[in-house]
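**Q** With the sequence up front, the predicted model follows.
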Amino acid sequence: MTDPDKRIDDDWKKRAQDEKAKIARELDASADPVTEVTDAPAAEGDPLFPSLVQQIAYPALMALGQIPDPRSGERMLDLKLARESINLLSVLEKKTAGNRDPEEDKMIRDLVRDLQMAYTQTAEAAQRSAEDQGSGNPAE
């Protein structure tokens with residue numbers, strides 16, 4: 001008695017898959033020119049992707065003191081903000097793997113690497129500076 005139920009269930013799944021495939025073919029055949037133009041740049045690389053990466057990287061660069069804050073014009077050091085921004089870029093890099101063109105892939109990979117190196121160098125310099133100030137104060 002369970003075998004006929006199984007076959008009916010399998011038949012239902014097959015019909016649903018066939019219907020999905022039919023709808024997909026119809027949608028592809030009736031695609032309007034606007035959809036085709038919108039989809040074309042994505043295959044070559046989305047022009048918004050570099051802007052997104054830059055928007056995430058900009059706070060990291062400011063927090064590492066590599067570029068001045070546009071509001072105050074001063075350079076700042078905020079290692080926590082820098083680390084968070086770099087981590088966001090790393091997540092974006094991992095989650096978009098396989099969906100980027102070679103240029104986008106190189107851009108985000110190099111940027112994450114450069115920011116990680118800058119973070120490490122800046123954090124080490126800040127730690128040395130704190131140690132120097134800490135050891136200099138008691139001697140005075």
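**A** Great, that's in hand. Numbers count the residues shown, from 1 in each chain.
**Q** helices or strands next to whatever helix or strand Asp105 lives in in the packing?
**A** When elements are assigned from DSSP states H and E, Asp105 belongs to helix 102-139. Judged by 3 or more CB pairs under 8 Å, 6 or more residues apart in numbering; DSSP states H and E, the packing partners of helix 102-139 are helix 48-63, helix 79-95. Any C-beta I mention is one placed from the backbone N, CA and C, and that applies to glycine too.
**Q** would you turn the ones you listed into JSON lines with mean neighbour count?
**A** Formatted as JSON lines, those follow (neighbours: other CB atoms under 10 Å):
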{"stretch": "helix 48-63", "mean neighbour count": "17"}
{"stretch": "helix 79-95", "mean neighbour count": "16"}
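**Q** In TSV, list the ones you listed along with mean pLDDT and distance to Asp132.
**A** Putting the helices and strands packed on helix 102-139 into TSV (pLDDT from 0 to 100; distance: least, CB to CB, whole Å) gives the following:
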stretch	mean pLDDT	distance to Asp132
helix 48-63	94	22
helix 79-95	96	17
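**Q** I'd like those as a markdown table, with distance to Ala24 appended.
**A** Below are these laid out as a markdown table (distance: least, CB to CB, whole Å):
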| stretch | distance to Ala24 |
| --- | --- |
| helix 48-63 | 26 |
| helix 79-95 | 25 |
